[in-house]
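S.K.: quick one, fold the following:
(2 chains)
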2 protein chains.
Amino acid sequence: MEHSSERYLVISSDGHAGPRPEIYRDYLDPEFREEFDVQHKIRLQALAQAGERLEMAAESAKWAEEKSEGLAGAWDSERRLEVLDGDGIAAEILFVDGLTEQNSPPFGGDLGLMPTGVVPELQWAGARAHNRWLAEFVAMAPERRLGLALVPPFWGVDVAIKEVEWARQHGLGGILLPHMWTGQDAYHHPKYEALWAACEDNEMVIHFHSGAAPMLDYFGAAIFDPQANTDDVQEMPGALGIYVTEVAWWLTRPLVFMIWAGVFERYPKLKTVVTEGSTIWVPELLHLMDHRYGEHHFTAKLGTGYRKHLKMKPSEYFRRNIRVGSSAMSRREAEMRHEIGLETIMWGTDYPHPEGTWPITRKIMVDTFRGLPEDEIAAMLGGNAAEFYGFDVEKLAPLVERIGPKRSWFQEDATST
Amino acid sequence: MEHSSERYLVISSDGHAGPRPEIYRDYLDPEFREEFDVQHKIRLQALAQAGERLEMAAESAKWAEEKSEGLAGAWDSERRLEVLDGDGIAAEILFVDGLTEQNSPPFGGDLGLMPTGVVPELQWAGARAHNRWLAEFVAMAPERRLGLALVPPFWGVDVAIKEVEWARQHGLGGILLPHMWTGQDAYHHPKYEALWAACEDNEMVIHFHSGAAPMLDYFGAAIFDPQANTDDVQEMPGALGIYVTEVAWWLTRPLVFMIWAGVFERYPKLKTVVTEGSTIWVPELLHLMDHRYGEHHFTAKLGTGYRKHLKMKPSEYFRRNIRVGSSAMSRREAEMRHEIGLETIMWGTDYPHPEGTWPITRKIMVDTFRGLPEDEIAAMLGGNAAEFYGFDVEKLAPLVERIGPKRSWFQEDATST
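M.R.: Down below sits the predicted model:
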C-alpha cells in the first residue's frame, strides 16, 4: 500500500441521491405524467398518515427539519460536494434516495424495487426517470460519483439488459437489483443468465441495498392502509425490533442464491456488492456455506448433484466476486476485520440518511478505526472500493490532499479529533 | 454437578417417532377415514415421483432399505428401547417422524405444520391422530419419553389451547408449533397471548423443529407436481445448497418474533426450544438483538416505543426461557460452548433420521466432546435437558448405570472408543 500521502483516500460505499419527488415528473416519459399527478397526491396523503402512526417515520421527519440545509445535498450537486469535502470523502457510490424529503421515484421504482403492488410498465417508468436524473447528477462530478441504475428484473430479462446497456452508455457504473423477489423467480433461476452476462460484459457492478423486508408481516397491513381508522390499527408489539433484527438477512439472500447457483462460476468477472447490512454476518455465513458444501456426515445424504457445478468453495466465490458496503461502520466490525475479510470491507457514510455518519463523520470514523495499522485503515476507508470499482485514484489525489482525513488523527495516542 | 456415576446421563433432545402411514387411519376420527383413503393413494404416488426427481429423497430411500431393522424403532417401542440402550441414551424428546418410511401423519398434520395447501379441519384431524398415537407410545416407557403434541395454531387459538390441555392430560410434555406462518399471523400477534398463557400454566414446553422452508422458492413448483412431465421439470441450480444454508434461519425466526413481542416478559416461565438447526447462530443472533435493543447511534432514529415493553435485554430472555436442541452436534459447537452458552446446549441424536448419529452415535459423541471438562460434557449430554424439562433423574439412574456412555471414553488420552 502507498503511504506517500498524509491523508487517507476515502470512498463512501453508500450515498443516496435523488431530486425532490415532484421533480421526477420531468424525467418521466410524457405518457406517464398524468398518472404521476394522480398517484403523487395519493402518496403524499398516505405518507403523512403512516408517518403519524410510525414513531420511526416521525423521527426521520424531525431529522429532516433540523438538518435541511445539509440534506439538500441529496439533489443539489454543489451542496453535496461541500458536505463531502467537509466529511473528507473524495468519491462515493450513489444509490437512489427515498428517505430525504420522501423523495422516492414514483410507481415503486424505488430503493426496494419490490415486485408487489406495482404495475410493471409503471415501475420501469419510475426507475428510468431516476436513472436519467442520476446520469445528469453523476456528470456534474464524474470522477467523484459512481451512480447505480435502478433495474427491476422481474418483468423481462431482455428489458433489464437494455437498461444495463443504457446505463453504461450514460456514465453509470452499476445497477441496483431488488433483494426481495416476493413471488417472482429468485436469482438461481436460469432465466437470469443473460443478465449476469450483460453485467459482466459491460463491467456493471450489481448492488443490493438493505431496507426492504416483509413489512406487512412485521407491522400488519392496517398500519400502511391510509383508509384504515387510526383507532382500529393494532400495532404488532416489537415489530420494529424484529425488522431491524432481520433486515440484513433479507439483504444477503441473493448472495446465497447466486453462489449456490454457480453464477460466479460461470461469470468469474461479475462483481456484486451488498450495502448497509453491516459486515458482521460474513464469517458465519461463509462458514455455514462451506460446511454445507463439504463432504462429511451432515451432507452425506444430500448426494453430490447440488454442488458438482461449483469448482470452488462458496467462500472462494465470495472472496473473489463480492464486496460489502459497511455503512456507519462500527468499532466491532473494525476489530473483526480479519475474520470478516480485510478486502471485503468498504466503509460508507450513508449520507444523507439519519442513521448515517453525517454530520459527525470524522468523530465516528476515528472512533471506528483508531489505532489500527495504517494500510488496513486505508484499505477499508477507500482502497478496497478504489480497486473493486476502478476509481481513477491519480485523478482524485489532489482532492485527497485537500480534504482527506489525516492519518495522524487515527493514531492511538492522538489527543484531539 | 454430581460425579458419583462412572457414566453420563444422556437425554436426546431430538428423536422422531410415528407409525407406518397406513396406521394413522386407525387413530383418525372415523369421519376422516374415507378422505384418508383417497389422499393416501395420491400421496404415495406423488412421493414416489418426487423421489425419482430429488437425489436427496433417493438417498433417504437407500438409507431406509439398508437400515430397516433399526429404523423400525420409529414405531416399535421395544425395538426403539434396544437401539437407545445401544446408543447409551436414557431418555429423549419425541417429535413426529415423516422421513422414515414416509410416515407423516395425513392432511398436512406433519413436522412442518405448514398452513399452505391444507384444509384446517383436516390438518387438525391429522395432528390429533398423531397426538393420540404418541400418547400411547409414550405410555409404554413414560420415564424415558417426553412426547410433543402437534398443534397447528392458525385455525383458532381456542382450539389450539384445548389440544394443549388434552396433551397435558394424556402424558405429553410439550407441543410442536410450525415455524413457517406463510400468510398467517406471526408470533408477535396479540391473538396468541392465550396460547402462551396456556403453555405456561400447563408447563408445556413449546418446540420448533427445523425442516420447513420456502421449498417452492428453492426448487420451483414443478418439481413437486406429480402431474408435471419429468422432462419439463427444470431443476433450479443449487437449490439444495440454498435450502441447507437457509433452513436453520427459518427455524429461529419465531424466537425473534416472540422475544421482541415481549412474550417472555409477560410469561416468564414459558419454556421454548428450537431443535436441529445447530447452535452456531446463537452468539451472533443474541449480539444482533442486543445491539438493536441498545441505545446508540444506529437506534437513535427508532425512538423508544419498540423496546420499552422489554425490561431485559433480548439475550436475557433467551438465556432464561430458551434452550437449543443440537442434533448430531459438531466438535465446533462443543468448542464454542461458552460463547453459545453452556446451559443453552442440549445434545440430540435425531434417531432414526439419516443425518442423525445412529448407528455410530458413540463415535460421533466422543469425537464431539473428547477432552472437555466432565461437568460440561454432562450438562450438554443430558444435565441441561434434565433440568429444563424436569426429567426424574433418580428414576433414570439405574438405567444410566447400565447403558450410559462411560466418562473415561471421553478423556483426552482414551485410547479406544
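S.K.: could you pull out the helices for the stretch 51-200 of chain A?
M.R.: Using DSSP state H, counting those that start in this stretch, the helices of the stretch 51-200 of chain A run over residues A:55-66, A:68-71, A:77-87, A:120-139, A:157-169, A:193-201.
S.K.: format the ones you listed as TSV; extra columns: mean pLDDT.
M.R.: As requested, those are arranged in TSV below (pLDDT from 0 to 100):
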stretch	mean pLDDT
helix A:55-66	74
helix A:68-71	85
helix A:77-87	97
helix A:120-139	98
helix A:157-169	98
helix A:193-201	98
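S.K.: and among those helices, the most buried is which?
M.R.: Comparing the helices of the stretch 51-200 of chain A by mean neighbour count (mean count of other C-beta atoms under 10 Å in any protein chain shown), helix A:120-139 ranks first with a mean of 21. No exception for glycine: its C-beta is placed from N, CA and C like everyone else's.
S.K.: nearest to chain B, out of the helices of the stretch 51-200 of chain A?
M.R.: Of all those, the one in closest proximity to chain B, counting by C-beta to the nearest C-beta, is helix A:55-66 (3.8 Å).
S.K.: can you list contacts of the closest one?
M.R.: A:47, A:50-52, A:71, A:99-101, A:240, A:354, B:300-303, B:305-306 (C-beta atoms under 8 Å, 6 or more residues apart in numbering or on different chains).
S.K.: ok now the helix or strand of chain A with the lowest mean pLDDT, how far from the chain's centre?
M.R.: In chain A, no helix or strand scores lower on mean pLDDT, DSSP states H and E than helix A:55-66, which sits at a mean of 74. Computed by C-alpha atoms, centre = their mean, to the nearest Å, the chain-centroid distance of helix A:55-66 equals 21 Å.
S.K.: contact residues of the stretch 101-250 of chain A facing chain B?
M.R.: A:186, A:188-190, A:217-218, A:220, A:234, A:236-242, A:244-246, A:249 (C-beta under 8 Å from any C-beta of the partner chain).
S.K.: can you rerun that using 10 Å?
M.R.: A:181-191, A:214, A:217-220, A:234-249 (C-beta under 10 Å from any C-beta of the partner chain).
S.K.: which residues touch A:His309?
M.R.: A:Trp260, A:Ala261, A:Gly262, A:Glu265, A:Arg266, B:Pro237, B:Gly238, B:Gly241 (C-beta atoms under 10 Å, 6 or more residues apart in numbering or on different chains).
S.K.: of those, which is the most crowded?
M.R.: A:Trp260 (31 neighbours; other C-beta atoms under 10 Å in any protein chain shown).
S.K.: so A:Ile364 belongs to a strand, correct?
M.R.: No: going by DSSP: H, G, I helix; E, B strand; the rest coil, the assignment for A:Ile364 is helix, not a strand.
S.K.: you'd agree it is up against A:Arg331?
M.R.: Yes: taking contacts as C-beta atoms under 10 Å, A:Ile364 lies within contact range of A:Arg331: 9.5 Å.
S.K.: more crowded one of the two?
M.R.: Between A:Ile364 and A:Arg331, A:Ile364 has the larger neighbour count (other C-beta under 10 Å), namely 18 against 12.
S.K.: burial of the closest residue to that one other than its chain neighbours, as a residue count?
M.R.: Leaving aside its chain neighbours, A:Ile364 sits nearest to A:Thr357 (4.5 Å; criterion: C-beta to C-beta, 6 or more residues apart in numbering or on different chains). A:Thr357: 25 surrounding residues under other C-beta under 10 Å.
S.K.: spatially nearest residue to A:Tyr351, not counting backbone neighbours?
M.R.: In space, A:Tyr351 is closest to A:Trp358, 4.4 Å off (C-beta to C-beta, 6+ apart).
S.K.: and the one you found, which helix or strand is it part of?
M.R.: According to DSSP states H and E, A:Trp358 maps onto no helix or strand at all.
S.K.: now the residue in the stretch 251-400 of chain A that chain B sits nearest to: phi and psi?
M.R.: As assessed by C-beta to the nearest C-beta, chain B sits closest to A:Trp260 within the stretch 251-400 of chain A, at 3.1 Å. Backbone torsions for A:Trp260, taken as degrees, to the nearest 10, come to phi -70, psi -30.
S.K.: make sure it is actually in contact with A:His188.
M.R.: Yes: using C-beta under 10 Å, A:Trp260 makes contact with A:His188 at a distance of 6.5 Å.
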